[in-house]
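# Just need the structure, nothing else, for what follows:
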Amino acid sequence: MDQSFLLMLSNLLHLHNYLDPTTSPLLSSTAISSSATDASSTSAAPLLFFTLASVLSYLASHPPAKKKQKTASPSPSSAAAAKPPSEFSVAAFRALSTEHIWAMEAPLRDAQWRSLYGLSYPVFTTVVEKLKPYITQSQLSLPSDYAVAMVLSRLSHGLSLKTLASRYALEPYLISKITNMVTRLLATKLYPEFIKIPVARRRLVETTQGFQELTPLPNVCGAIDTTPIKLHKISPDVINGSMYSCKYGFPAVLLQVVADHKKIFWDVCVKAPGGYTDADHLRDSLLYNKLISGDISWDKAVSVRGQPVRPYIVGDWCFPLLSFLLTPFSYNRTGSPAQNAFDEALGKGRKAVEEAIGLLKGRWKILQDLNVGLNHAPQTIVACCVLHNLCQIAREPEPELWKEPEESGQPPRLLENEKSCYYYGENLRQVLADDLYQRLSSR
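Model prediction:
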């Protein structure tokens, strides 16, 4: 019992004895009976009322202390998960994207957004506006722009699920779910709008004229190349897992792209494990089937030495020589002077796709070490290609190029159904080489 409460009761008893000694519990029964006649003249009711009032007053002013329930102290990890760091919370993002965004000069604002999300604020808002209707349909508990920003930060910095979960105070499975949703929307809903084969005459003319500023070869409409996208890890349960080991010795999936003179991709294909050759990957692509079957026919032909030359793609020696795909005569310039001049000019045209791949991996660092599940790897890669095109169309500053390993390999074998295309391409290549060498010699 509380010490102050005992002291108060003691004082009340002393006061009571002083006013009416006959009712004191300290007196013997004999003393009480001998003085009973005197007690009748003294009333104890006022004192009893006073005592009860004092006790009630004390209890009202001193409520009993609540017993503290023993609770398990939260672990540091659960405490961190309870609330995200202030700089990555929804409130902080909302302040950055609304209140603070207009208080900054545009160059500083866009530089900050590029450092966080890989692209400027105007390009970010474009992505959000195009994805928001689909994200809203998914009934995601997070704001659409916040979810897109979260995924872009992962793609641009290559962050792991664990790191992102700690940063945003969300469970890793939810981070994975949001990443898969946003990359799938980018790869399916935005792909048709931002990755298009140049079949319209106006765009075809613009593309071929643009390549003439890069190479003296006429009527080039694209440059093709394949790059391995390194997988962070591959499960031992994957069937034929050894097929994913690429020629550089790490597990990968292959990305095939065709770029224009502005380093914008107009075709993307991710269909083969890293162990496939560039030629096999090409032959498995939809683009190859459309071109070899004649479904895509570029009508803008130019005449070179009396021979009509339709638009064509340039590639390295790892691709087959075809009527619509021209490759070098040799690997190390060991041909005739005309052939070497052609190979050098073709290399200048191919530089567009080499730099486009370097920009892609330099801007979206997750492609340097892809830390997503194998089933979601293709859509993540294609999503980054869509974002790459958005940045190139908006003329975003180009980051430092990712340097690809030096490529080597043997020319591919010729398939039976490719022979007619091969012979046409062989003749076309020689005509272009002779014409180029004559033009260079007459200068």
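# Can you give me the end-to-end span of stretch 281-289?
End-to-end distance of stretch 281-289 (Cα to Cα, to the nearest Å): 12 Å.
# For that stretch, buried residues please.
281-283, 285, 287-288 (16 or more other Cβ atoms under 10 Å). Using the backbone N, CA and C atoms, a C-beta is placed for each residue, glycine as well.
# quick one: which of the residues you listed sit in helices?
Using DSSP state H, 281-283, 287-288 are the members of those that sit in helices.
# Dump those residues to JSON lines, plus distance to E171 and pLDDT.
Putting those into JSON lines (distance: Cβ to Cβ, whole Å; pLDDT from 0 to 100) gives the following:
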{"residue": "H281", "distance to E171": "37", "pLDDT": "97"}
{"residue": "L282", "distance to E171": "41", "pLDDT": "97"}
{"residue": "R283", "distance to E171": "43", "pLDDT": "97"}
{"residue": "L287", "distance to E171": "40", "pLDDT": "97"}
{"residue": "Y288", "distance to E171": "42", "pLDDT": "97"}
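# give me every residue that touches N219.
208, 300-302, 309-312 (Cβ atoms under 8 Å, 6 or more residues apart in numbering).
# just K351 next, same as before
214, 223.
# Please look at L291 and P320 and confirm they touch.
No - L291 is beyond contact range of P320, at 11.6 Å (criterion: Cβ atoms under 8 Å).
# low-confidence ranges in this protein?
In the predicted model of the chain, residues 1-87, 95-103, 408 satisfy pLDDT under 70.
# residues in contact with stretch 293-311?
Contacts for stretch 293-311 (Cβ under 8 Å, 6+ apart): 197, 199, 201, 204-205, 207-208, 218-221, 287, 289-290, 324, 427-428, 431-432, 434-435.
# Show me which of the contacts of N219 are buried.
Buried members of those, counted by 16+ other Cβ under 10 Å: 208, 309, 311-312.
# Let's see which of those end up in helices.
Using DSSP H, the buried ones among the contacts of N219 in helices are T208.
# Adding distance to I264, write the buried ones among the contacts of N219 out as a markdown table.
Below are the buried ones among the contacts of N219 laid out as a markdown table (distance: Cβ to Cβ, whole Å):
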| residue | distance to I264 |
| --- | --- |
| T208 | 14 |
| V309 | 23 |
| P311 | 16 |
| Y312 | 18 |
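# Apart from its chain neighbours, what residue comes closest to D267?
V258 (4.2 Å; Cβ to Cβ, 6 or more residues apart in numbering).
# my bad, K247
G409 (7.0 Å).
# next one: G335
F329 is the one closest to G335 (Cβ to Cβ, 6+ apart), at 4.2 Å.
# pretty sure the one you found contacts R429?
Yes - contact criterion Cβ under 8 Å: F329 and R429 qualify, at 7.3 Å.
# Mutual contacts of those two, please.
F342.
# on that earlier part again, out of the ones in helices among the buried residues of stretch 281-289, which is nearest to P399?
H281 (26.4 Å; Cβ to Cβ).
# Wait, a strand at D225?
Yes - counting by DSSP: H, G, I helix; E, B strand; the rest coil, D225 falls inside a strand.
# Which residue, other than its chain neighbours, is closest to it?
Leaving aside its sequence neighbours, D225 sits nearest to V353 (Cβ to Cβ, 6+ apart; 4.5 Å).
# Enumerate every residue touching that neighbour.
222-225, 257-259, 263.
# Next one: it from Q430, what distance?
24 Å (Cβ to Cβ, to the nearest Å).
# now swap in V309 and tell me
From V309 to Q430 the distance is 12 Å (Cβ to Cβ).
# cool, and G315?
G315 is 17 Å from Q430, where distance means Cβ to Cβ.
# Which of the two has more residues huddled nearby?
Per other Cβ atoms under 10 Å, whichever of G315 and Q430 has more neighbours is G315, with 28 against 15.
# Next, count neighbours for C318.
Using other Cβ under 10 Å, C318 has 22 other residues around it.
# if I pick it, what's in contact with it?
226, 277-279, 407, 409, 411-412.
# With P328 instead?
Contacts of P328 by Cβ under 8 Å, 6+ apart are 316-317, 342-343, 346-347.
# Could you check what's spatially nearest to it, not counting adjacent residues?
Closest to P328 by Cβ to Cβ, 6+ apart is D343, at 4.2 Å.
# List the contacts of the residue nearest to T277 when sequence neighbours are not counted.
Leaving aside its sequence neighbours, T277 sits nearest to P412 (Cβ to Cβ, 6+ apart; 6.4 Å). P412 is in contact with 277-280, 318-320, counting by Cβ under 8 Å, 6+ apart.
# which phi and psi does D260 have?
phi -90, psi -170 (degrees, to the nearest 10).
# number of nearby residues for it?
With other Cβ under 10 Å as criterion, D260 counts 23.
# That'll do, ta.
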